[in-house]
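Trainee: Sequence plus the predicted model coming up.
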Amino acid sequence: MKLAVDSSSFVKRYVQEIGSEKLERFLEDASELAFSVILVPEIVSGLKGLLRERILTVVDYRAVKKQLMDDLSDATVLQIAPSVISRSVKLLEGNTLRALDSLHVACALEWNILARQTLEPIDKSMLLSKDEHNRHACCICMTRKININQEEIT
């Protein structure tokens, strides 16, 4: 299965919370992992916030950041191309999304469209997100969406 992740779901790999175990199961089953070019800056920004709040130590921050970079070293980085921007605008106009979330969703949708053009089965692609608005936007555009905070697959 091809798996696209957004930052709200992938951070669960490093910060244990509801959905962390489910994320690991999806990652184990994924044949290909993809993420938007904005995922790393978003996660690092969140980690730096935890560091400033003294929830993470400097040693922990460095270890998590290294693990993040190692985990993503062989993943597909989804770029923000003109088609992604157009799709992002349409998603923003038709859904309740934050700007950065619309880019995660648009990148995943573009990746899914590319899969269709290469004749890969589209039912083997999904966006993993904990954000309800992201999942709703994907619902009308993609074949599968997953809520990693609950057990059901919709």
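Mentor: Looks like it came in fine. Numbering: from 1, shown residues only.
Trainee: going forward, measure contacts between C-alpha atoms and count neighbours the same way
Mentor: Will do.
Trainee: Just the CA coordinates for stretch 57-71, please, in CSV.
Mentor: Output of stretch 57-71 as CSV, limited to C-alpha atoms (Å, rounded to 0.1, in the frame of the first residue of the first chain):
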residue,chain,number,x,y,z
THR,A,57,15.8,18.0,26.5
VAL,A,58,18.4,19.1,24.0
VAL,A,59,19.7,15.5,23.8
ASP,A,60,16.1,14.2,23.2
TYR,A,61,15.5,16.9,20.6
ARG,A,62,18.6,15.9,18.6
ALA,A,63,17.8,12.2,18.9
VAL,A,64,14.2,12.7,17.6
LYS,A,65,15.3,15.0,14.8
LYS,A,66,18.0,12.5,13.7
GLN,A,67,15.4,9.7,13.8
LEU,A,68,13.0,11.8,11.7
MET,A,69,15.6,12.4,9.1
ASP,A,70,16.6,8.7,9.0
ASP,A,71,13.0,7.6,8.8
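Trainee: What ranges does the protein have for its helices?
Mentor: For the chain, helices defined by DSSP state H occupy the ranges 7-10, 20-29, 39-52, 58-71, 82-94, 99-117, 132-139.
Trainee: got the angle for the fifth one vs helix 99-117?
Mentor: Using axes from the mean of the first three to the mean of the last three CA atoms, to 10 degrees, the inter-axis angle of helix 82-94 relative to helix 99-117 is 120 degrees.
Trainee: so how many other residues sit close to the spatially closest residue to residue 13 that is not a sequence neighbour?
Mentor: Spatially, and ignoring its direct neighbours in sequence, residue 13 is nearest to residue 20 (6.0 Å; CA to CA, 6 or more residues apart in numbering). Residue 20: 18 surrounding residues under other CA atoms under 10 Å.
Trainee: From here on, call the first residue 19.
Mentor: All right, first residue 19 from here; so that's residue 38.
Trainee: Can you find the helix or strand in the chain with the smallest mean pLDDT?
Mentor: For the chain, scoring each helix and strand by mean pLDDT, DSSP states H and E identifies strand 163-165 as the least confident one, at a mean of 44.
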